[in-house]
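> okay, here's the prediction I keep looking at, along with the sequence it came from:
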Amino acid sequence: MPELNVVILAAGKGTRMHSSLPKVLHTLAGKPLLGHVIDTASQMGEARLCIVYGHGGESVPLAFDSGDLSFFLQEPQLGTGHAVQIVSPHLNDKGSTLILYGDVPLIKPSTLKRMTETTDCLALLTVELENPRGYGRIVRDIQGKIERIVEEKDATEQEKSIKEVNTGIMLAPTARLKSWLKNLGNDNAQKEYYLTDIVQMAVSEGLPVKSVHPGAIWEVMGINDRMQLAEMERIFQKEQALELMRKGASLADPARIDIRGDLSVGRDVHVDVNCVFEGSVKIGDNVRIGPNCVLKDVEIEEGTEIAPFSHLEGAEIGRNCRIGPYARIRPGTRISDGAHVGNFVEIKNSSIGKNSKANHLSYVGDADVGRNVNIGAGTITCNYDGANKHKTVIEDEAFIGSDTQLIAPVTVGRGATIGAGSTITKDTPEGGLTLSRTRQVHIDYWKRPEKKG
């Protein structure tokens, strides 16, 4: 069994969020707050992850793949000490237990690993704040050793002047923690069982109480309302932007980028303003992303340019391609090297061969397009018959004239030319010209109708 237990307290209602959604399920960078904490805890090596939930009921465990997680319901909520008491019987006595919070999403694994390096002690994560209002204060003796934590509602005026505060994050020897939890009382202003009371118990037993400090104050900032959520979003995005630039990306404005997943970049990548990256996005060397683009679950190879206002999802883009502006690339699409997809072109579940072009106002769905194909403006692959999807095949070197409808299933032969304005319902042979038009008629002396009266 793992010797590290991680307990994440996530039972709070989040009254100030003014939402029916449990606070820990509100999203930061596209991921629930609790999801960030779980991901961080998962980087602590082999550990048992226990999550205490309450408000929102089963919506909290249902929001996560619980394969490696254990959920415990706290009902009623009688304080942080009570929450850990619920989990206590299920913790492995060997090793230590790390206490985290589901609404403190940006704590870094490196900070927590420094805590776990402390042995034979109770370790507290503390921080000094210019305005410590609302936090429990760290009370030290004349020698600077931690004596206890006092909650603000129970603190004297002198204690309220202390600037070093408790973040709530702590690491305790599990066997000792279990014995302390049995002795918690609720003789306080809130009539709750405070987990912080174990500090005084540790001191009375002669167990050292040590403090660890985070690298930045924002690591330990909790989220209680939507203003704080928005503030933390920008802090998170700034950190992501700085990391991208360290890896060789140029950002037109680091304050105007949103990363809501995993983004990896090669060298000399340039990202313009107001771009959003979701899911897993991989960008190769010398790629340029124009302003106001959205990329989700996309892989882009080197030398490609994504022009402004383009939306790409679930696609693979080859080398030296040009996409957009105003292009929409939908899931299941593979665009090969040197291809061009222009303005107001939508491609779905299709492959586009090397050096092929669809530059204007077209829809290509469920199609296999070969090499060096030209798809004229206004071309549509009519892939849906109202019940089923059908495939269109356009072989190498074909030329599709403007305003053509290809009624799937249909194949355009290698090197074939389709005249503009055609509706193609049958396979076309290689190399020839295929037309499908009515005869143009001119009617003399025809007059346009006029309004009566």
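That came in fine, so what should we check first?

> which helix or strand lies directly C-terminal to the helix or strand that residue 85 is a member of?
Using DSSP states H and E, residue 85 falls within helix 80-87. The helix or strand immediately downstream of helix 80-87 is strand 96-101, counting by DSSP H and E.

> roughly how far is that following strand from the heart of the chain?
With Cα atoms, centre = their mean, to the nearest Å as the basis, strand 96-101 stands 24 Å off its chain's centre.

> and the next element down the chain from it?
Counting by DSSP H and E, the next helix or strand C-terminal to strand 96-101 is helix 109-116.

> by how many degrees do the helix or strand just after that next one and strand 96-101 diverge?
Next helix or strand after helix 109-116 toward the C-terminus (DSSP H and E): strand 122-128. Relative orientation of strand 122-128 versus strand 96-101 (axes from the mean of the first three to the mean of the last three Cα atoms, to 10 degrees): 30 degrees.

> neighbouring strands for strand 122-128, and are they parallel or not?
strand 164-173 (antiparallel), strand 209-212 (parallel) (DSSP bridges).

> which residues touch it?
111, 115, 138, 146, 149, 163-173, 176, 198-199, 202, 207-214, 217, 220 (Cβ atoms under 8 Å, 6 or more residues apart in numbering). The way it works is simple: take the backbone N, C-alpha and C, and place the C-beta from them, glycine included.

> okay, the strands paired with strand 122-128 in JSON lines with distance to residue 60 and mean neighbour count next?
Compiled in JSON lines, the strands paired with strand 122-128 are given as follows (distance: least, Cβ to Cβ, whole Å; neighbours: other Cβ atoms under 10 Å):
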{"stretch": "strand 164-173", "distance to residue 60": "19", "mean neighbour count": "22"}
{"stretch": "strand 209-212", "distance to residue 60": "28", "mean neighbour count": "19"}
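
> who wins for proximity to residue 344 among those strands?
Closest to residue 344 of those is strand 164-173 (Cβ to Cβ; 51.0 Å).

> buried residues, the helix or strand just after the closest one. List them.
Next helix or strand after strand 164-173 toward the C-terminus (DSSP H and E): helix 174-182. The neighbour-count check on helix 174-182 (16 or more other Cβ atoms under 10 Å) flags 174, 176-178, 180-181 as buried.

> would you format the residues you listed as TSV with distance to residue 322 and pLDDT included?
Below are these laid out as TSV (distance: Cβ to Cβ, whole Å; pLDDT from 0 to 100):
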residue	distance to residue 322	pLDDT
174	58	96
176	64	96
177	60	97
178	63	96
180	64	96
181	63	96
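
> out of those, which is nearest to residue 287?
Lowest distance from residue 287 to the buried residues of helix 174-182 (Cβ to Cβ) belongs to residue 174, with 48.8 Å.

> test my guess that the closest one contacts residue 92.
Yes. Residue 174 is within contact range of residue 92, at 6.5 Å (criterion: Cβ atoms under 8 Å).

> what do these two both touch?
residue 5.

> and for residue 426, the neighbour number?
Residues near residue 426, counting by other Cβ atoms under 10 Å, number 9.

> which SS state does it fall under?
Look at residue 426: counting by DSSP: H, G, I helix; E, B strand; the rest coil, its state is coil.

> residues in contact with the nearest residue to it once chain neighbours are set aside?
The spatially closest residue to residue 426, leaving aside those adjacent along the chain, is residue 410, at 6.8 Å (Cβ to Cβ, 6 or more residues apart in numbering). Listed by Cβ under 8 Å, 6+ apart, the contact partners of residue 410 are 392-393, 424-428.

> same thing but 6 Å
392, 424, 427 (Cβ atoms under 6 Å, 6 or more residues apart in numbering).

> next: residue 336.
If you count contacts by Cβ under 6 Å, 6+ apart, then residue 336 has 318, 353-354 around it.

> if you set the cut-off to 8 Å instead, what comes out?
318, 321, 351-354, 356, 371.

> likewise for residue 348?
By Cβ under 8 Å, 6+ apart, the contact list for residue 348 reads 330-333, 363-366.

> rerun that using 10 Å as the cut-off
Listed by Cβ atoms under 10 Å, 6 or more residues apart in numbering, the contact partners of residue 348 are 313-315, 328-333, 363-367, 381, 383, 389.
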